[in-house]
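fold the following and give me the result.
(one chain, ligands or ions: 2)
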Amino acid sequence: MAPAAFADEEMKLSSQVEQGRDEPLTKSKVTVVGSGNWGSVASKLIASNTLKLPSFHDEVRMWVFEETLPTGEKLSDVINKTNENVKYLPGVKLGKNVTADSDLEHAVQDANMLVFVTPHQFVEGICKRLMGKIKGDVEAISLIKGMEVKTEGPCMISSLITEMLGINCCVLMGANIANEIAAEKFSEATVGFRENKEVAEKWVRLFRTPYFLVSAVQDVEGVELCGTLKNVVAIGAGLVDGLDMGSNTKAAIMRIGLKEMRALSKLMFPSVKDSTFFESCGVADLITTCLGGRNRKVAEAYARNGGKRSFDELEAEMLQGQKLQGVSTAKELYEVMRSKGWTDLFPLFTTVYEISIGLLPPSAIVEYKEDVPKFYSVEDSAIYH
Ligand SMILES: NC(=O)c1ccc[n+]([C@@H]2O[C@H](COP(=O)([O-])OP(=O)(O)OC[C@H]3O[C@@H](n4cnc5c(N)ncnc54)[C@H](O)[C@@H]3O)[C@@H](O)[C@H]2O)c1
Ligand SMILES: O=P(O)(O)OC[C@H](O)CO
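Ligands and ions are numbered 1, 2, ... in the order given. Presented below is the predicted three-dimensional model:
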């Protein structure tokens, strides 16, 4: 396949460039903070590259939120013994140079590159534990799709990491269903960076493989908001699947969702670029999530049950410890929209939230309201600019 072949060439080139240089004086040490489904795949990707690229230490440390398996063994011990995350990514070898570490402070203590990849609701607690424990020259990247809402307004996860730990934080988002990348099927991702292009290029080198093509754009908020907001649209897509509405309806939800994603992103952060929505983190992630993601899957079950079983209950039963981001993100978005008086401008986001808390039935996702034609007028609205 042409793109993969191109990626292969690029990879060789970047290895040659690195190998052609003198051995770097200091090699970067990478720690992955998180070890769920995507955290484990990210560790595998990175570990395959640190072995090849001389500017990185071979070992990749992966922080594991410790749990006891039904066998009575600790998850981190089993990962180190089998080289597999038997709970969150069974059947896939991570690479012998991945070391699971259940001690958070110990896992990060020597790292100069931190990869944050946990469900978004745990990040603040993790950062509190790390405050004052990070070395000065550390760079971070967040693979986390989600946001926090503070009294001052919305706070993206990369900003939370920067504010709490005093370190620069890029983001990596994309059409990245973890199990497919674990099986080394070709896909793409987008790194978002603020100012330092060299740092972004270093992250690209660390992640890129012949089957995982990564490019960088200077738009942290745009990339992160794409990854965050698509999870709410995915809930809408799952609801229409559960209502057996068919492809046209799902395409309509995706189109309306994309428009709301772009409009809300620009309202929250006017610097967000339109072009970002055409990268992997934008339209491609929206499509893959609405076709094959966990948010879609659980929302489908919610609609099939007529809203009688809660999202929490279905998540626990269907995902076995993996976490949904779309429902909590819908709530967080709603808080932002309500406080700003924007709910009427975003009927899809608002409806998904109201369905998720049981205020409306699942069928409300396709009930057209004559008096709310806002899908079409949001860009003309005075507050849009
Ligand atoms: N899985 C995917 O396909 C995928 C792809 C791209 C991005 N993401 C994003 O990556 C992020 C992480 O998702 P994931 O799929 O790796 O995780 P996951 O949903 O598979 O697993 C949940 C993780 O949370 C951990 N956890 C549970 N309680 C915790 C606590 N109190 N404190 C800290 N950790 C705790 C579990 O140990 C587990 O590692 C999310 O923001 C998600 O949206 C996921
Ligand atoms: O399985 P989901 O719905 O959490 O989505 C996974 C990824 O974000 C897709 O890129």
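
tell me the pLDDT at the nearest residue to residue 291 once chain neighbours are set aside?
Distance criterion C-beta to C-beta, 6 or more residues apart in numbering; nearest residue to residue 291, sequence neighbours excluded, is residue 237 at 7.9 Å. Every C-beta, even on glycine, is put in place using the N, C-alpha and C of the backbone. For residue 237, the pLDDT comes out at 98.

state the distance from residue 237 to ligand 2.
10 Å (C-beta to the nearest ligand atom, to the nearest Å).

that residue: how many residues sit nearby?
30 (other C-beta atoms under 10 Å).

residues in contact with it?
Taking C-beta atoms under 8 Å, 6 or more residues apart in numbering, we find residue 237 in contact with 250, 253, 254, 257, 289, 290, 291, 296, 299.

which SS state does the third one fall under?
Using DSSP: H, G, I helix; E, B strand; the rest coil, the three-state assignment for residue 254 comes out as helix.

and for the one 4 residues further on?
Using three-state DSSP, the structure places residue 258 in helix.

right, and it touches residue 277 too?
Yes. At 6.9 Å, residue 258 counts as touching residue 277 under the criterion of C-beta atoms under 8 Å.

by proximity to ligand 1, which residue of the chain wins?
Ligand 1 sits closest to residue 36 of the chain, with a gap of 2.2 Å, by C-beta to the nearest ligand atom.

and the residue of this protein closest to ligand 2?
Closest point on the chain to ligand 2, by C-beta to the nearest ligand atom, is residue 293, at 2.7 Å.

and that residue, how many neighbours does it have?
24.

can you name the residues that contact it?
Contacts of residue 293 by C-beta under 8 Å, 6+ apart are 177, 231, 234.

which of those residues come close to ligand 2?
177, 231, 234 (C-beta under 6 Å from any ligand atom).

pLDDT value on the residue nearest to the last one when sequence neighbours are not counted, please?
If the residues on either side of it in the chain are set aside, residue 234 comes closest to residue 295, at 3.8 Å by C-beta to C-beta, 6+ apart. Among the per-residue scores, residue 295 holds a pLDDT of 98.

then the one 3 residues further on?
Residue-level confidence at residue 298 comes out at 98, pLDDT.

and the one 10 residues further on, by the same measure?
On pLDDT, residue 308 comes in at 96.

surely residue 214 is in a strand?
Yes. When three-state DSSP is applied, residue 214 is found to be in a strand.

show me where the stretch 151-300 of the chain has its helices.
For the stretch 151-300 of the chain, applying DSSP state H, counting those that start in this stretch gives helices covering 157-165, 178-182, 197-207, 220-242, 247-268, 285-292, 294-304.

so can I have TSV of the ones you listed showing distance to ligand 1?
What follows is the helices of the stretch 151-300 of the chain, written out as TSV (distance: least, C-beta to the nearest ligand atom, whole Å):
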stretch	distance to ligand 1
helix 157-165	8
helix 178-182	3
helix 197-207	12
helix 220-242	7
helix 247-268	15
helix 285-292	8
helix 294-304	7
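
which one of these lies closest to residue 53?
Evaluated with C-beta to C-beta, those place helix 197-207 nearest to residue 53, the distance being 6.3 Å.

how about residue 284: what's its closest non-neighbour residue?
residue 175 (3.8 Å).

how about the residue positioned nearest the centre of the chain: what's its closest non-neighbour residue?
Geometric centre of the chain, nearest residue: residue 145, 3.4 Å, by C-alpha atoms, centre = their mean. Using C-beta to C-beta, 6+ apart and skipping the chain neighbours, the partner closest in space to residue 145 is residue 227 (4.0 Å).

might one say that that neighbour is in contact with residue 175?
No. Assessed by C-beta under 8 Å, residue 227 is found out of contact with residue 175, at 10.1 Å.

overlap in contacts of the two?
By C-beta under 8 Å, 6+ apart, the residues touching both residue 227 and residue 175 are residue 285.

so the two - more neighbours on which side?
Using other C-beta under 10 Å as the criterion, residue 227 and residue 175 rank with residue 227 on top: 31 against 25.

in terms of pLDDT, where does that one sit?
pLDDT at residue 227 comes out at 98.

kindly report the same for the one 4 residues further on.
On pLDDT, residue 231 comes in at 98.

pLDDT score assigned to the closest residue to it other than its chain neighbours?
Nearest residue to residue 231 in three dimensions, chain neighbours excluded: residue 326, at 3.7 Å (C-beta to C-beta, 6+ apart). Residue 326 carries a pLDDT score of 97 in this model.

swap in residue 121?
So residue 121 comes in at 94 (pLDDT).

need the residues of the stretch 251-385 of the chain near ligand 1, please.
So the stretch 251-385 of the chain meets ligand 1 at 322, 323, 325 (C-beta under 6 Å from any ligand atom).

dump the residue contacts of residue 295.
231, 234, 235, 238, 289, 324, 325, 326, 327.

circling back to that earlier point, state the distance from the residue nearest to residue 291 to residue 182.
23 Å (C-beta to C-beta, to the nearest Å).

just residue 49 next, same as before
In terms of C-beta to C-beta, residue 49 sits 15 Å off from residue 182.

neighbours of the nearest residue to residue 262 once chain neighbours are set aside, how many?
Ranked by C-beta to C-beta, 6+ apart and with sequence neighbours excluded, the top spatial neighbour of residue 262 is residue 277, at 5.6 Å. Burial of residue 277 is recorded as 21 neighbouring residues (other C-beta under 10 Å).

isn't residue 277 up against residue 260?
No. Using C-beta under 8 Å, residue 277 is not in contact with residue 260, being 11.7 Å away.

circling back to that earlier point, hmm, the residue nearest to residue 231 is touching residue 236, no?
No. The criterion here is C-beta under 8 Å, and residue 326 misses it with residue 236 at 9.0 Å.
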